[in-house]
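>>> Here is my input; please provide its structure:
(chains A, B and C)
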Amino acid sequence: MRDSVCNVRYHGVAAYEIVAADGRRILLDPFFAGNPASLVKAEDFQRVDLILVTHAARDHLGDTPAIAKLTGATVLCGNEVQAYLRAMDVPASQIRPTAWGMRLEIAGFEIQTLECRHCSGATMPDGSFVSGIPLAFIIELGAGVRWYHPGDTSLFSDMRLQGELYQPTIGSLGIANPSGIADTRPGRKLTTDLSPREGVLAAQWLGLKTVLPCHYTDPDDPLVHQFQRCLADAKAAGESVPESVVLAPGDWISLDASGCIRRREKA
Amino acid sequence: MRDSVCNVRYHGVAAYEIVAADGRRILLDPFFAGNPASLVKAEDFQRVDLILVTHAARDHLGDTPAIAKLTGATVLCGNEVQAYLRAMDVPASQIRPTAWGMRLEIAGFEIQTLECRHCSGATMPDGSFVSGIPLAFIIELGAGVRWYHPGDTSLFSDMRLQGELYQPTIGSLGIANPSGIADTRPGRKLTTDLSPREGVLAAQWLGLKTVLPCHYTDPDDPLVHQFQRCLADAKAAGESVPESVVLAPGDWISLDASGCIRRREKA
Amino acid sequence: MRDSVCNVRYHGVAAYEIVAADGRRILLDPFFAGNPASLVKAEDFQRVDLILVTHAARDHLGDTPAIAKLTGATVLCGNEVQAYLRAMDVPASQIRPTAWGMRLEIAGFEIQTLECRHCSGATMPDGSFVSGIPLAFIIELGAGVRWYHPGDTSLFSDMRLQGELYQPTIGSLGIANPSGIADTRPGRKLTTDLSPREGVLAAQWLGLKTVLPCHYTDPDDPLVHQFQRCLADAKAAGESVPESVVLAPGDWISLDASGCIRRREKA
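Residues are numbered from 1 along each chain as shown, chains lettered A, B, ... in the order given. Model (predicted):
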């Protein structure tokens, strides 16, 4: 993996693992236990420098408490996630609350917190319910690579403004729903928070060069196929579209200075 | 009521009852007890298939717990409303939490959850305070009729985007304040979350063909009259404006395939 | 201070004190105890008519419970701040909850509540966590002076819409971080919720004639200098920019009918 800016592994849903050239490791929304797509578990991680949690939801908070306690990693998150982590005995000294617009240097990375549009809520160990604002992040990975991680978001016009101001080069967008997780609630999901067509608009408005559709456990998901078709339709209509890379859970990719994918190792 | 797509009754504030041609019934923000405009009470409903709750506030949550338990209706709502309903002993199997952007099929209806701008907060039976994001809904009623129900919202530019993407044909907009409900809090409300002029902009940006001003108990409200004048002014200035229908609590309307009102039965 | 519309004193961070010509006094985000920049304390205030609290955070809620109980002032705030104040024994009759879009007359002032973009969360005396939506306010001070107070906010495009609809003439914008307050949390803040450059865009989009950069304890802050340079750059590039006034904590200013500063008394 020489000459790469960093290597990234996808673990299904919205869980990513970024390993910088110098060995620093960031976990994004590390949902492993209960995630049928994940090939890893919390105990597999020896070194984690930073965990980013976009919002309080089981499939994004995931194994954060266990990994934070195991590795001493700092957690960047919102106030309500901080309240949850404190209740799970994660030391306050490991938690950095942030909010939309704020730029921080943490674990040697510059990270911009940005607005996204979703909910963030969790039931605490004592049964009370906490909530707050969901966060998107742009991580400066060096050499012009800026990784956009929104967790979950719906479409909003200020994605254009974010694209202009922060120029993310590569990022994930949730356009599907995990399968293989029991859900006995009434109703049937037709789309997630971004429909496939809205996912294309989001990628265009943010100005991504490379888009990683996500929020699935199985890449052979009808909504993933629909996303790829919407991208192809947009391209055929003469629109500028990013390259889309559909990762299988466990896949590693390697990013070069252009923010594009140079190498890909199948799981 | 032959040939109609559905019939709709207004119950004051933001409470609507939609009865599909096949008899399925949806309640929107069913606030009856404590609502001086309501001619009905929770016990009057035998069949309810679905209840939509936009946000946790007394005048929108209303009689949801009682009606859900009485009829077995499914409730579509946010996480914090779910927490409240669970605390009121509504079975989990009847509650479907949703978030902005998500599209669901539920009780045979396709329903799009959309962003709106307000607060959602409630005091729980144990005295704790919960909050979350307020929801707007677009309900596909068949034959091209798409009903927009925002509960409470202030004005925001992405109403244009919502209009383009989801093309609601008819909808309610809160532009007044209920009278007849004791309020001992300091201060005097001059407008609600949408001023009358902003209500006109909202209706135009959403592209509604028919707008139902709401959030009043008495249709003879100064803010309702002001809304009608603002609409007339916009029309006189050459702008495209929707038809506005000021319903009295208890009124039934019947919608045809154009999304417009065909018949109206006075309360 | 003859012929002035009102006099205003800055207390550091986002704390302002507005004294109308007739003696009515408004406190905005009155953070005194624990604020190293503040020259006053809660007990110094005899008459306070109204307190505006933008959001639940230590550096904005500040001394609100103590001052409300001491002076009987009405507090305008969100639901979650209301829950916090009630837990601190502030009488319900003194609290007016509001939400985005609502216009109220309170203590003889017309006040428009507007959307801003931040979080609002607090730990209650019993250890539970509450949250809600952050509020911005525009206060009509007479003679065309409209004071914009957002507390904390990140940049968003609807600041243009707010500028068109409500035409604030003078306002504060948080573009720095307080110094002198111990913070043992990991990471280093590079910007606050508005970077200096974004602060200039916000001031332009809102159409402010006069901007007061804030959220510092020491006006000789690198981010304040950077804000002034960004403003100068924008002006040099031919853009329309507001007059910027960097206040030292304790400074009084006097506003005339043009919304501009007529007199300034050094602390």
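>>> Please identify which helix or strand holds A:I51.
Using DSSP states H and E, A:I51 sits in strand A:50-52.
>>> After that strand, which helix or strand is next? Please name it.
Trace forward from strand A:50-52 with DSSP H and E and the next one is helix A:58-61.
>>> ok, and for that next one, which residues are buried?
Residues A:59-61 are the ones in helix A:58-61 that count as buried (16 or more other Cβ atoms under 10 Å in any protein chain shown). All C-beta spots, glycine's among them, are computed from the backbone N, C-alpha and C.
>>> quick one: whichever residue of the stretch 101-250 of chain A sits closest to chain C from chain B, how far?
Going by Cβ to the nearest Cβ, chain C is nearest to A:G101 of the stretch 101-250 of chain A, at 2.9 Å. As defined by Cβ to the nearest Cβ, to the nearest Å, A:G101 lies at a distance of 18 Å from chain B.
>>> For that residue, list the residues it contacts.
A:113-115, C:117-118, C:153-155, C:191-195, C:198 (Cβ atoms under 8 Å, 6 or more residues apart in numbering or on different chains).
>>> again, 7 Å this time
A:113, C:154-155, C:193-194 (Cβ atoms under 7 Å, 6 or more residues apart in numbering or on different chains).
>>> which sections of the stretch 1-150 of chain A are below the confidence cut-off?
For the stretch 1-150 of chain A, the stretches flagged by pLDDT under 70 are A:1-3.
>>> Please, where are all the helices along it?
Counting by DSSP state H, counting those that start in this stretch, one finds helices in the stretch 1-150 of chain A at the ranges A:58-61, A:64-71, A:79-87.
>>> for these, which one sits closest to chain C?
When the helices of the stretch 1-150 of chain A are compared by Cβ to the nearest Cβ, helix A:79-87 sits nearest chain C, at 4.0 Å.
>>> hmm, the closest one in reach of chain C?
Yes: contact of helix A:79-87 with chain C (Cβ under 7 Å from any Cβ of the partner chain) involves A:79-80, A:83.
>>> Could you find the closest non-adjacent residue to whatever residue of chain A ends up closest to chain B?
Here chain A gets closest to chain B at one residue, A:S154, 2.9 Å apart by Cβ to the nearest Cβ. Counting by Cβ to Cβ, 6 or more residues apart in numbering or on different chains, B:G101 is the residue found nearest to A:S154 once chain neighbours are left out, at 2.9 Å.
>>> before we move on, what about A:V75?
That would be A:I51: by Cβ to Cβ, 6+ apart, it lies 4.7 Å from A:V75.
>>> Can you report how many residues lie near that neighbour?
30 (other Cβ atoms under 10 Å in any protein chain shown).
>>> And A:Q226, by the same measure?
18.
>>> Apart from its neighbours in sequence, what residue is nearest it?
That would be A:P196: by Cβ to Cβ, 6+ apart, it lies 4.0 Å from A:Q226.
>>> Surely the one you found and A:Q228 touch.
No: when contacts are counted by Cβ atoms under 7 Å, A:P196 is not listed as touching A:Q228 (8.3 Å).
>>> the more surrounded of those two?
Using other Cβ under 10 Å, the more surrounded residue of A:P196 and A:Q228 is A:P196, with 22 against 16.
>>> Could you report the pLDDT at the more buried one?
If you check A:P196, the pLDDT there is 98.
>>> Give the pairing partners of the strand holding A:I51; include direction for each.
strand A:25-28 (parallel), strand A:74-77 (parallel) (DSSP bridges).
>>> Any stretches of the stretch 151-267 of chain A with poor pLDDT?
Judged by pLDDT under 70, the stretches of the stretch 151-267 of chain A that qualify are A:259-260, A:263, A:267.
>>> can you put the helices of the stretch 1-150 of chain A in JSON lines and add distance to B:L28?
As requested, the helices of the stretch 1-150 of chain A are arranged in JSON lines below (distance: least, Cβ to Cβ, whole Å):
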{"stretch": "helix A:58-61", "distance to B:L28": "29"}
{"stretch": "helix A:64-71", "distance to B:L28": "37"}
{"stretch": "helix A:79-87", "distance to B:L28": "29"}
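>>> what sits up against the strand holding A:I51?
A:26-28, A:30, A:64, A:67-68, A:73-76, A:106-107, A:109, A:137, A:149.
>>> and which of those residues is nearest to B:Q94?
A:T64 (30.8 Å; Cβ to Cβ).
>>> coming back round to it: got the contact list for the residue nearest to A:Q226?
A:175, A:223, A:226-227, A:230.
>>> repeat for A:Y216
A:Y216 touches A:176, A:178, A:224, counting by Cβ under 7 Å, 6+ apart.
>>> that older thread, tell me which of the helices of the stretch 1-150 of chain A sits most buried.
Highest mean neighbour count of these: helix A:79-87, a mean of 24 (counted as mean count of other Cβ atoms under 10 Å in any protein chain shown).
>>> when you compare where that helix runs with where helix A:64-71 runs, what's the angle?
Interaxial angle, helix A:79-87 versus helix A:64-71 (axes from the mean of the first three to the mean of the last three Cα atoms, to 10 degrees): 60 degrees.
>>> So which bits of the stretch 101-250 of chain A are right by chain B?
A:117-119, A:121, A:128-129, A:131, A:154-157, A:184-195.
>>> Separate out the buried members of those residues.
Applying 16+ other Cβ under 10 Å to those flags A:117-119, A:121, A:128-129, A:131, A:154-157, A:185-187, A:189-195 as buried.
>>> Sweet, I'm off.
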